[in-house]
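1. Give me a 3D structure for the following:
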Amino acid sequence: MRISPSLHWMVRCFDEPTLLTATSIFIIAFIAAPPVDIDGIRESITLPGYGSLLYGNNIISGAIIPTSAAIGLHFYPIWEAASVGEWLYNGGPYELIVLHFLLGVACYIGCEWGLSFRLGIWFLALGISTMAFNLNGFNFNQSVVDSQGRVINTWQISSTANLGMEVMHEHNFPLDLAALLKFHPQMAKT
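-> As a prediction, this is how the structure comes out:
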């Protein structure tokens with residue numbers, strides 16, 4: 001399955017603005033954002049290490065948001081606040097940074113998936129070969145038995161898994177299934 005070029009560029013159109021927004025707001029907030037009420041008790045955090053450069057922190061102790069507050073994010077847009085000061089006090093810029101960053105990373109990952117789906121096909125082949133080795137080991141005899149003591153043909157399991165891999169790669173399942181039944185009529189009975 002290939003990602004269409006139009007979808008690729010649509011994802012790229014969301015990727016770059018959201019990541020640029022998150023980066024620029026992060027820089028502005030790191031320099032000038034006021035202390036924030038992170039635990040809801042209407043008292044802002046004024047400890048060293050919880051504020052921006054203009055509020056008494058240096059580059060080492062400055063922070064945008066503690067991780068405990070980032071876990072409880074909720075959608076708090078600027079138009080929901082009574083004023084910009086309230087939005088800043090309740091952590092609006094921090095949520096703007098995190099949510100834009102998450103959306104930008106998701107778009108970037110979607111774009112990269114579309115460009116590298118063949119790598120997934122390669123890992124599928126690696127998984128099939130690992131499964132076949134786990135079933136057979138170095139003993140290529142019929143060494144797997146079911147719960148009733150009957151021998152399971154491990155070559156058949158491996159070839160069926162190989163068929164699934166081939167079908168996913170070539171997208172022609174009915175033709176492969178018909179060819180398999182033609183050359184292995186015992187599979188039609190199971």
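2. Please report how far residue 98 lies from residue 105.
-> 11 Å (CB to CB, to the nearest Å). For the C-beta atoms, the positions are set from N, CA and C on the backbone; glycine is no exception.
3. for residue 56, same thing?
-> With CB to CB as the criterion, residue 56 and residue 105 are 32 Å apart.
4. show me the contacts for residue 88.
-> 33-34, 36 (CB atoms under 8 Å, 6 or more residues apart in numbering).
5. Would you list the phi and psi of residue 54?
-> phi -70, psi -10 (degrees, to the nearest 10).
6. which stretches of this structure have low pLDDT?
-> For the chain, residues meeting the criterion pLDDT under 70 lie at 1-11, 37-51, 57-74, 113-121, 132-145, 151-190.
7. domain assignment for it?
-> Domain ranges of the chain: 5-115, 117-189, per automatic domain parsing.
8. Name the SS class of residue 29, please.
-> helix (DSSP: H, G, I helix; E, B strand; the rest coil).
9. To clarify, my last question referred to residue 97.
-> At residue 97 the chain is in helix, as set by three-state DSSP.
10. Am I right that it is in contact with residue 26?
-> Yes - with contact defined as CB atoms under 8 Å, residue 97 reaches residue 26; the gap is 5.1 Å.
11. So these two - more neighbours on which side?
-> When residue 97 and residue 26 are compared for neighbours, residue 97 comes out ahead with 25 against 20, by other CB atoms under 10 Å.
12. What's the separation between the more buried one and residue 131?
-> From residue 97 to residue 131 the distance is 43 Å (CB to CB).
13. cool, and residue 75?
-> On the measure of CB to CB, residue 75 and residue 131 end up 43 Å apart.
14. Neighbour count: the two, which is higher?
-> residue 131 (13 against 7).
15. In terms of helices and strands, where is the more buried one?
-> helix 117-136 (DSSP states H and E).
16. so what does the host helix or strand of residue 110 touch, helix or strand wise?
-> Assigning secondary structure by DSSP H and E places residue 110 in helix 92-115. The contact analysis (3 or more CB pairs under 8 Å, 6 or more residues apart in numbering; DSSP states H and E) places helix 92-115 against helix 5-32, helix 67-71.
17. if you set the cut-off to 7 Å instead, what comes out?
-> Counting contacts by 3 or more CB pairs under 7 Å, 6 or more residues apart in numbering; DSSP states H and E, helix 92-115 is packed against helix 5-32.
18. what angle separates the helix it packs on from helix 92-115?
-> Orientation check (axes from the mean of the first three to the mean of the last three CA atoms, to 10 degrees): helix 5-32 against helix 92-115 gives 150 degrees.
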